[in-house]
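>>> Model the structure of this input:
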Amino acid sequence: MVLALLSVLPWALPGRAALVRRTRARTARDARAAAIRVPPGVDVAVLLDLADAALGAGASVPGTLQAIGRAVDPMGTAPAGAVGPALRQAGSALLLGAPWAEAWAMTPPGLRPLVDALEPAWQDGAAPGPLLRRAAAAVRADRQQHAQEAAARLGVRLVLPLGLCFLPAFVLLGIVPVVLAAGGGLLG
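Predicted structure coming up:
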């Protein structure tokens, strides 16, 4: 009975405080991530590939932005700061002659790779294809690196819980029978 209580004790006491700390940290981390990322469901690498395909087919930069904006939000129901309306607004502003920085003023920060890849094409007339493909590859490589780092952190975080799960089982199944057998042999 005492061993059962001792095996539950590590999860009962510090677990609650650790859970609260993890929840608060996760909430703060999610809030920071939401401020710098594109909304879920919109992959920046795919947007870069779409822009590359449209520009490679002969579309203009503003026309490409408007087409991608319509593709991301076909019903036009997304809020003003969302990706679809931001791309449509940037394309319209560029068509009307707005400066590059002004056209992208209301764009979510997560679209920065698209903005940076298209700027030389708009400002200097450079071919956008290689820049868009390089930016898409960089976004995918960055995502893969973050996934690998998260997997490595998960392995480190699982060591203690798994150890706490297996240690009582090892003691009860491996050590206690040996001690009881040795103690029974000494007493009997």
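>>> And the helices in the protein, which stretches?
For the chain, the helices defined by DSSP state H cover 2-36, 44-56, 61-72, 83-95, 100-103, 112-124, 128-170, 176-187.
>>> Let's have the ones you listed in a markdown table, adding mean pLDDT and mean neighbour count.
Placement of C-beta: from N, CA and C, glycine included. Output for the helices of the chain, formatted as a markdown table (pLDDT from 0 to 100; neighbours: other CB atoms under 10 Å):
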| stretch | mean pLDDT | mean neighbour count |
| --- | --- | --- |
| helix 2-36 | 50 | 11 |
| helix 44-56 | 95 | 20 |
| helix 61-72 | 93 | 20 |
| helix 83-95 | 92 | 21 |
| helix 100-103 | 94 | 14 |
| helix 112-124 | 93 | 17 |
| helix 128-170 | 92 | 13 |
| helix 176-187 | 83 | 9 |
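>>> Do you know the pLDDT at residue 38?
Listed pLDDT for residue 38 reads 53.
>>> no wait, residue 107
At residue 107, pLDDT is 86.
>>> list the contacts for the nearest residue to it once chain neighbours are set aside?
Of all residues not flanking residue 107 in the chain, residue 86 sits nearest, at 4.6 Å (CB to CB, 6 or more residues apart in numbering). Applying CB atoms under 8 Å, 6 or more residues apart in numbering, we find residue 86 in contact with 69, 106-108, 111.
>>> any chance of those in a markdown table, with distance to residue 100 too?
Listed next are those as a markdown table, based on distance: CB to CB, whole Å:
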| residue | distance to residue 100 |
| --- | --- |
| 69 | 17 |
| 106 | 13 |
| 107 | 11 |
| 108 | 17 |
| 111 | 14 |
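>>> Filter those residues down to the buried ones, ChimeraX style.
The ChimeraX selection below is limited to those of those classed as buried (16 or more other CB atoms under 10 Å):
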select :69,107,108,111
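>>> Was I right to think residue 135 contacts residue 113?
Yes: shown here, residue 135 and residue 113 form a contact pair, counting by CB atoms under 8 Å, at 4.4 Å.
>>> wait, doesn't residue 131 sit right on residue 120?
Yes: Residue 131 lies in contact with residue 120 (CB under 8 Å); the separation is 6.3 Å.
>>> ok, residue 58 - contacts?
Going by CB under 8 Å, 6+ apart, the list of residues near residue 58 is empty.
>>> for residue 42, that is, sorry about that
72, 83.
>>> One more: the one 10 residues further on?
With contact taken as CB under 8 Å, 6+ apart, residue 52 is in contact with 128-129, 132-133, 136.
>>> now residue 84
69-73, 76, 78.
>>> Out of the residues you listed, the closest to residue 174 would be?
Within these, proximity to residue 174 (CB to CB) peaks at residue 72, which comes in at 58.1 Å.
>>> Tell me how far the nearest residue to the closest one once chain neighbours are set aside lies from residue 74.
Spatially, and ignoring its direct neighbours in sequence, residue 72 is nearest to residue 84 (3.9 Å; CB to CB, 6+ apart). Distance of residue 84 to residue 74, given as CB to CB, to the nearest Å: 8 Å.
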